[in-house]
Structures are given as C-alpha cells and as structure tokens.
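1. Need a 3D model of the sequence below.
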Amino acid sequence: MISARVFYASAIVAALALGGCQGGSVSPPPFNTGSPVFTITAGGSSNMEAMQSFRFYPSSLTVNVGDTVHWAFPSGEPHTVTLLGPRTAYPPPTDPTSAQPFGGPTYDATTYTSSGFLLLGKSYSLTFTNPGTYTYTCLLHGPAMRGTIVVQPSGTPYPPSNTVAELGASAAQAADLALGTTAVSQFPYAPGGPHLVAGLTPGLTVGPPSPVAVQRFLDGPSLAVTSVTVHVGDIVTWTNQSNNAPHTVTIAPVGAPFPILNPFAPPTGGNVYDGTMLVNSGVLFSGASFSLKFTTVGTFTYQCLFHDDTEHMIGTVIVQ
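-> Below you'll find the model as predicted:
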C-alpha cells in the first residue's frame, strides 16, 4: 500500500525545491548555549498511532529575545509550525504551499514563517529576535492546534509559569490521548455492521474541535474491531464521526497495489464494488458518509489516504 508518508514526503521534496527558488529555508539556527533549552512537542500518539492528539505541549511559553525554541514531532500525523508575520490569513491545508517551508532560522514578525509538513522524528527550530506575543498554528489542524510564544527583552527573568507549563506538558498530552478511549466507547451504531465509523472523537461531531482523534475504521466499541462481514449485495456505510480530521475510504482492484493518490483527490469509481476497479470516496469531512455496495465474494482491504499504513487506518470488508 502507498503510505501517506510517501505522499507527504513527496510534497515536502517538491516544496523544498520550490522554496529554494523563493529563498525559503528550514536550516536550524545555532543553539544559544547560554540560554535554557525550550522544547515543544507537536501532537502525540498512542495505541499504534490509533489515538492522535492535536495540540502543542506546552501550548504557551515565555522566552527572551535571542532564545531558540525547538519543536519535536513524535507521531505519524504531519504537523506544521506556522507564524503569519505580515499576512492576514493562513493558507488552507489544500493549498500546495502549505507543505512548503517558508522563512529562515529567525523570526522577527516581518516574514511569514513555516516549518512545512513535518513527520515522525523530525524537528524544527526558530530563534526569536523581537519582543512580542506570537501565535503559531498547524496548517493541517487549524485553530484547534495553536500555540503562543511570548518574547521578552533580553535578560528578563523567566516567569514561574514556564516551569509549570513544561512540567505539565507530558501529563496534558497523556490526558488528551486518554480521551480517545472515551471516544471508542461512544461507538454510535449497532456493532456488526453495516454502518462503520471512519474516524471518531469524544462527543462525536458535536462541539468545538477535539484535541484528540481516533484514526481507525471501527465496527464496534473496540480498537480491535476493524473488519465487517456482509453478504453479496449488501451496502456498507462509513461516517466520519470526528470533528477535527478528514478521512477517505479507498479500495483498489483486487491484486493491484494502491496507486499514489493525493488525499484530496476527488471521488472515483462510484458506489458499487466488484473487485475490478479503484473506488475512492473523496474527502469525508466531519459528519460526511460514504456507502458502497459489494457485488462479489471476497476479502477486501481498504484504507484512508490520509492515515493509511503510517497510522494503520486500514479496514477489511469480508463478503460472503
């Protein structure tokens, strides 16, 4: 199967090439050896990437002019660290430039600056050179995943709130991820199909975006239930019951590899599957559903183009 990581990596490579033409850079700045080390974690995951948190930990830090902040990326879900500078609006995640790094290793609020998409094991660093209060966001996860850097004049004592925030970051991340278990217990349909969940958050699709998502296809209140058994002629329906992540239902012809597809690719293949064609639901945003009629016996594997083998969002339909 083609990994979303491959698609995002391709986007990053293309963005780096374009960024080189435009002067963009993600070169790490020199470390300020005389200053504290400030590290922020972008998101988090647990249960084989099933649970994903969409928050920065800690979400607010106070630093001094000349200090460097480092962001770590510990999960298979891509994120960005993006500061508007003089711009008035963030680009949408569907904009190809969202994958692209912009700006250099320092930030003074006069230049739009972004890490571009970064994945598991990557890092990003930025040195702040002007006092001020700066908000940054993840372009993929929008307003719900924002952080704040307060920059004081050089030499100003650091506030006690920094220590509290840094000590509480891991606990906050763990608490967010634990909400995923609550979400699974809220499985909204009768187990055993034919109505499945394509992604889930606590509170389902109601309320503001949740800081956690369950990146799985589920047929019951358990992460272990990712398959459904139906009969020839039955219709299976998937509904995105998350309020913070898009998904797709994508199934390739039997025996064929999954093609490289942009996760935002339009729907293709219709709503009947006989094992001979590619079927793609297109992007399922919060509350959206997709139905597919199965007309031949077999075991068919499908995936989410956003969260496939990197985050293991893969399901199976067994047709008898």
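
2. CA atoms for contacts and neighbours, from now on please.
-> Fine.

3. List the contacts of the spatially most central residue of the chain.
-> Nearest to the geometric centre of the chain sits Glu77, at 4.1 Å (CA atoms, centre = their mean). Glu77 makes contacts with Gln52, Leu119, Leu120, His307, Glu311, as judged by CA atoms under 8 Å, 6 or more residues apart in numbering.

4. do Gly298 as well
-> Ile318, Val319, Gln320.

5. Show me which of those are buried.
-> For the contacts of Gly298, a burial check counting by 16 or more other CA atoms under 10 Å picks out Ile318, Val319.

6. export the contacts of Gly298 to JSON lines and tack on pLDDT and distance to Val225?
-> Shown next, in JSON lines, are those (pLDDT from 0 to 100; distance: CA to CA, whole Å):
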{"residue": "Ile318", "pLDDT": "97", "distance to Val225": "13"}
{"residue": "Val319", "pLDDT": "98", "distance to Val225": "16"}
{"residue": "Gln320", "pLDDT": "97", "distance to Val225": "18"}
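
7. what's the offset of whichever helix or strand Leu177 is part of from the middle of its chain?
-> Using DSSP states H and E, Leu177 falls within helix 160-185. Relative to its chain's centre, helix 160-185 lies at 17 Å (CA atoms, centre = their mean, to the nearest Å).

8. Now the element after that helix, going C-ward?
-> Criterion used, DSSP H and E; the element after helix 160-185 is strand 195-200.

9. residues in contact with that next one?
-> For strand 195-200, the external contacting residues (CA under 8 Å, 6+ apart) are 183-184, 187, 189, 213-220, 236-243, 245, 247-249.

10. Pull out the buried residues from those residues.
-> The buried subset of the contacts of strand 195-200 - by 16+ other CA under 10 Å - is 183-184, 187, 213-220, 236-243, 245, 247-249.

11. Among the residues you listed, which are located in helices?
-> Ala183, Val184 (DSSP state H).

12. hang on, the earlier thing: closest one to Val81 out of the contacts of Glu77, please.
-> Leu119 (11.8 Å; CA to CA).

13. you'd agree the closest one is up against Ala72?
-> No. The pair Leu119 / Ala72 is not scored as a contact, 9.4 Å apart, by CA atoms under 8 Å.

14. residues touching Pro208, list them.
-> By CA under 8 Å, 6+ apart, the residues touching Pro208 are Asn243.

15. so what pLDDT did it get?
-> Listed pLDDT for Pro208 reads 74.

16. now the strands for the stretch 101-250 of the chain?
-> Ranges of strands within the stretch 101-250 of the chain are 106-107, 113-114, 123-128, 132-138, 142-152, 195-200, 212-218, 227-230, 235-241, 250-251, based on DSSP state E, counting those that start in this stretch.

17. between the ones you listed, which gets nearest to Ala174?
-> Proximity to Ala174 (CA to CA) singles out strand 212-218 among those, at 10.5 Å.

18. and that closest one, what's its mean pLDDT?
-> 93.

19. hmm, who's touching it?
-> 49-54, 176-177, 179-180, 183-184, 196-202, 223, 225-227, 242, 244-245, 307, 311-315.

20. ok, that strand: who's next to it in the sheet?
-> strand 51-57 (antiparallel), strand 195-200 (antiparallel) (DSSP bridges).

21. how about CSV for these, with distance to Ala169 and mean pLDDT added?
-> Listed next are those as CSV, based on distance: least, CA to CA, whole Å; pLDDT from 0 to 100:
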stretch, distance to Ala169, mean pLDDT
strand 51-57, 5, 94
strand 195-200, 24, 93
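
22. For Ala144, which of those strands is the nearest?
-> The nearest among the strands paired with strand 212-218, by CA to CA, is strand 51-57 at 7.3 Å.

23. what is the orientation angle of the closest one with helix 160-185?
-> 160 degrees (axes from the mean of the first three to the mean of the last three CA atoms, to 10 degrees).
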